[in-house]
Structure formats: structure tokens, C-alpha cells
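# Got a predicted structure here, sequence first:
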Amino acid sequence: MMNPIAVYSGSTVLYWSAIIIGVGLLAALFMSTACQLTNRGRLVSMLLFFPLALLFSVPLCRMLHWYCHQEQYGGFIKAMTDYTAGSYVLSAAIPGVWLAAWIAAKLDDGDTAKLLDAAAPGIALAIAFIRLSSLFNSSCRSKIPVTTGFLQHLPLAAGITNSAGAVEYRFATFFAHFLLLVLLCVCTLSFFLKRRRVSMRAGRHEGSAIFFFLLYYSASEFVMDSTRYDSSFLPINGFVSIVQIISATTILILLIYYSVLSVRANGRRVWQWILWCVWLAALAGIGWTEYLVQRHGDWYLSCYGAMALCCLVLALIVHRFYLSCCAVRDEE
């Protein structure tokens, strides 16, 4: 599918996908700025954060995509200087976003974690619009065919042009992820506003909103990336994609972090051991369903349903450990 042109004037070409991303970034900036002011944060640090995040994140996302798909580029230098072709690994933006927040906070005498908390709802919204923009270019490559006629439309399916020039319908991976991210944006915003009523019995209170976003974003990204046939894999690994590795690692780090805080706040309890065992069982279930879906092409519905359930269990268990560290329990 071609990338539709929105504006064409002389040598100036503006694509619909770029417009959607631009609108999403502006909306994200306004939302995060409002959260920053609500949190009694400084406006300057948020205005510094967004351009720095783009400056640091885009090269990292491009670099990781080049490393996984070197055959698509004419060398590293061309991949990092010519952005008219190729793609990005969005999860690679995490260190760039953190570095941008650290620099912006230090320049404005602020707190990095507090800044990231305020930015979290906006980050979710920005990624949602990036996913939505993929309906207007050729980057959405779901491997799940949709052959039932009345299902061949959004939000379940999108038409793409195959190598023979025919239109076929596949699961609308990025549009479905767009809807999930809009929901996550609302949930993250609600969490951010409610967290002010909650204090931590162990560790710092700042950072909980950005961790909430990363937790559920990673869980959704793990499943959605598996549905794509153009996922990025490390040269030494062809089973689990780099996005899935980053997502699983992020959830594991958050589990360890909140488990340590939970033990500090509550001591060792039987329920903690039960949750750790369930977490490991769910992780094993994810690996098993990923194996099955790669070996049996007609098991998509059952495999991805089970995988989504297991990923949700991982996230909910980590969230439960977070709640156990709160002096006042959320109703979430």
C-alpha cells in the first residue's frame, strides 16, 4: 500500500502519516504539560523534554532497526542519515526518553522521575498516534489473514496490497494497538491523578505513573509484535523478536523492583511466593504459545488469546506488588 500524499506543492510533499504523527505529538505535549502543571512541576522542563526525547530516541530506534535488518540498508551511515526509507524499533526509545528526562530535569532543577510521571499519559497518546499513522503507510504487516467477509473492515482487519498486486485482508495489528494505547492513555492519566492520594511505605513515590505505563505497554507490545511478520530479530535469534525481549525484560525489572519494595514494606509472606510462582507459570505459558503459533499457522485465535491472557497476568501480578507497597490502597 502506498503512503497517501496529503499535500503536494512543487517540491514539497506531505504525507498523511506524517500529519497524524505531528498531531499526536502536539496532543501529547499539551496533555503532559497539563499533567506537569497539575503536579506542581515546572513548565520549562516539560518543554525541554519533548524535543530532547525526539532527538535522542529517533536515532536509537533507527540504529536498532538497522542492526536487525541490515539487508534493507546500504550501510550504517546511510541508515542513520537517510530517513526517507526504512523503519524503526519503537521500544528502543526507552533509554532515549529517560536520558531526555534526566537532562531536562537537571537543566531546570527538577526531578527526573516526577517529570516522567507527568509525561507518561502523553507518551501513551503519542505512541497511539504513531500506531494509527501506520494505516496510511506500508509498515503494518500482520501475518493473521481475515477471510470472513463481514469481518474485513476496521477495527479487526485492514486491506494491504500483496506482491501480486491484489488486496488481501489481515488483522489490523496497529489499529488494534492504537485502540489499546488510547485506553492505556486514559488509564495512565487516571492513575497519575489518583496516585497523589497514595504514599509508599518503602521506596520513592515518584516514578510510579511511568512504571504503570511501561508495565501495561510492554504487556500489549509483546502480543502485538508477535502478530507481525516483519518483526525485528537479533541476528543470533530467530524465535523471539527484539521487541518481545525488551518487553519481557521491562516487566521482569518492574517485578523485581516492586517485589523488593513489597518485602521491605511487608516482610516475606506466603502470598508473595504464590504470586512469583504464578508469574513464572504465565511466562512459561507465553513462551509455549509463541512456539505453538509459529508451528501451527491456523491456531492464531487460541494461541494469541492465551498469550494475551498470560501477558495480562504478568502485568497484574506486578501491579499487585505495587499495591502492597502503598500506605493507602488504590481502588484500581
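That came through, no problem. Residues are numbered from 1 along each chain as shown.
# what residue ranges in the stretch 51-200 of the chain score low on pLDDT?
Low-confidence segments of the stretch 51-200 of the chain (pLDDT under 70): 136-140, 162-163, 199.
# which stretches of it form helices?
76-81, 93-107, 112-133, 173-194 (DSSP state H, counting those that start in this stretch).
# just those: most buried one?
Comparing the helices of the stretch 51-200 of the chain by mean neighbour count (mean count of other C-beta atoms under 10 Å), helix 112-133 ranks first with a mean of 25. C-betas here are computed from N, CA, C, even on glycine.
# for that helix, packing partners?
When contacts are defined as 3 or more C-beta pairs under 8 Å, 6 or more residues apart in numbering; DSSP states H and E, helix 112-133 packs onto helix 16-38, helix 43-68, helix 93-107, helix 173-194, helix 208-226.
# Select, out of those, the one closest to A128.
helix 173-194 (3.6 Å; C-beta to C-beta).
# can I get the helices of the stretch 51-200 of the chain in a markdown table with distance to C277?
Below are the helices of the stretch 51-200 of the chain laid out as a markdown table (distance: least, C-beta to C-beta, whole Å):
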| stretch | distance to C277 |
| --- | --- |
| helix 76-81 | 44 |
| helix 93-107 | 28 |
| helix 112-133 | 30 |
| helix 173-194 | 27 |
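# and I242, which of these is closest to it?
When those are compared by C-beta to C-beta, helix 93-107 sits nearest I242, at 12.3 Å.
# With only the CA atoms kept, save the closest one in PDB.
Below are the C-alpha coordinates for helix 93-107, written out as PDB (Å, rounded to 0.1, in the frame of the first residue of the first chain):
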ATOM      1  CA  ALA A  93      13.200   4.800  22.500                       C
ATOM      2  CA  ILE A  94      13.100   3.900  26.300                       C
ATOM      3  CA  PRO A  95      16.800   4.900  27.100                       C
ATOM      4  CA  GLY A  96      16.500   8.000  24.900                       C
ATOM      5  CA  VAL A  97      13.300   9.100  26.700                       C
ATOM      6  CA  TRP A  98      14.900   8.500  30.100                       C
ATOM      7  CA  LEU A  99      18.100  10.500  29.100                       C
ATOM      8  CA  ALA A 100      16.000  13.300  27.800                       C
ATOM      9  CA  ALA A 101      14.000  13.500  31.000                       C
ATOM     10  CA  TRP A 102      17.200  13.400  33.100                       C
ATOM     11  CA  ILE A 103      18.800  16.300  31.100                       C
ATOM     12  CA  ALA A 104      15.600  18.400  31.100                       C
ATOM     13  CA  ALA A 105      15.100  17.900  34.800                       C
ATOM     14  CA  LYS A 106      18.800  18.800  35.600                       C
ATOM     15  CA  LEU A 107      18.700  21.900  33.400                       C
END
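# so that helix versus helix 112-133, what angle?
Using axes from the mean of the first three to the mean of the last three C-alpha atoms, to 10 degrees, the direction of helix 93-107 lies 140 degrees away from that of helix 112-133.
# that older thread, out of the helices and strands packed on helix 112-133, which gets nearest to S232?
helix 43-68 (3.8 Å).
# what angle do that closest one and helix 93-107 make?
Relative orientation of helix 43-68 versus helix 93-107 (the same axes, to 10 degrees): 150 degrees.
# buried set for helix 43-68?
For helix 43-68, the neighbour count (16 or more other C-beta atoms under 10 Å) marks 45-50, 52-54, 56-68 as buried.
# now do stretch 250-268
250-251, 254-255, 257-259, 261-263, 265.
# Lowest pLDDT pick from these?
Taking these together, the minimum pLDDT is found at A265 (89).
# Please look at that one and Q272 and confirm they touch.
No. Contact criterion C-beta atoms under 8 Å: A265 and Q272 do not qualify, at 11.0 Å.
# if I look at the residue positioned nearest the centre of the chain, how far off is L54?
Centroid check for the chain by C-alpha atoms, centre = their mean gives Y217 as the closest residue, at 4.4 Å. Applying C-beta to C-beta, to the nearest Å, the value for Y217 to L54 is 18 Å.
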